[in-house]
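Visitor: no sequence on this one, just coordinates:
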């Protein structure tokens, strides 16, 4: 049964209309009336075939205003690099002891970073971290000798994006408590990165649809006419 709040929210949205970024953010923010700070999420439906290597859209982006989400970071490092990671704010730092925790399914982190020399150790838990999307990856900057910067980026609102099998990219771009300007700038920054990642082999429209929603609110369609 749909509650009165949800029904009211949907009466404010025209399903047949596409909205500009600022207007969409305003509508979504106004309808995010749950008793908790809802996450504002964007979903971009792309005309890509993720089975092809050059169309597997994936990367990292640091949003201008962060995500509003607290991120727990684990780092595989030893000695001086371990100290650098701790000083930068890493929540968990270890090597073989961290492997043991992970094998016991004690995965109390949202991002995993490793120094290059630790990848042999990390390989022991690849089958656990891989399916969860937590395996350190040099292409994403999570295998790096500069662990301090990687930790700061993760804590500062850097997010990973990846096209799913159906070509859809999802991301949380902030909280309902953010200002409209902050959310609009985060949305613009995220979509700009996705638009620029257009593979050269794509024919026709690259972006098929963009929608914006909040955790408990309605979804609105965004205007993509100028982005293809």
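Guide: Structure's in. What do you need? All values reported here derive from a predicted model rather than from experimental measurement. Numbering: from 1, shown residues only.
Visitor: Show me what the helix ranked longest in the chain is packed up against.
Guide: Longest helix in the chain, counting residues (DSSP state H): helix 180-196. Using 3 or more C-beta pairs under 8 Å, 6 or more residues apart in numbering; DSSP states H and E, the elements in contact with helix 180-196 are helix 21-30, strand 39-46, strand 58-62, strand 158-162, strand 168-175, strand 207-214. All C-beta atoms are positioned from the backbone trio N, CA, C, and that covers glycine.
Visitor: the inter-axis angle of that helix versus strand 207-214?
Guide: 150 degrees (axes from the mean of the first three to the mean of the last three C-alpha atoms, to 10 degrees).
Visitor: For helix 180-196, which outside residues touch it?
Guide: Helix 180-196 has contacts (C-beta atoms under 8 Å, 6 or more residues apart in numbering) with 21-22, 25-26, 29, 40, 42, 44, 46, 57, 59, 61, 63-65, 67, 161, 169, 171, 173-174, 178, 206-207, 210, 212, 227.
Visitor: okay, now residue 28: neighbour count?
Guide: 28 (other C-beta atoms under 10 Å).
Visitor: remind me which residues of this protein are low pLDDT?
Guide: Along the chain, segments meeting pLDDT under 70 span 1-12, 226-228.
Visitor: before we move on, the earlier item: could I get the helices and strands packed on helix 180-196 as a markdown table with distance to residue 130?
Guide: A markdown table is the format used below for the helices and strands packed on helix 180-196 (distance: least, C-beta to C-beta, whole Å):
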| stretch | distance to residue 130 |
| --- | --- |
| helix 21-30 | 33 |
| strand 39-46 | 23 |
| strand 58-62 | 14 |
| strand 158-162 | 13 |
| strand 168-175 | 19 |
| strand 207-214 | 29 |
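Visitor: Relative to residue 116, which of the ones you listed is closest?
Guide: Ranking the helices and strands packed on helix 180-196 by proximity to residue 116 (C-beta to C-beta) places strand 58-62 first, at 17.5 Å.
Visitor: What is the three-state secondary structure of residue 125?
Guide: Put simply, residue 125 is helix when judged by DSSP: H, G, I helix; E, B strand; the rest coil.
Visitor: which one of the helices and strands packed on helix 180-196 lies closest to residue 74?
Guide: strand 158-162 (14.9 Å).
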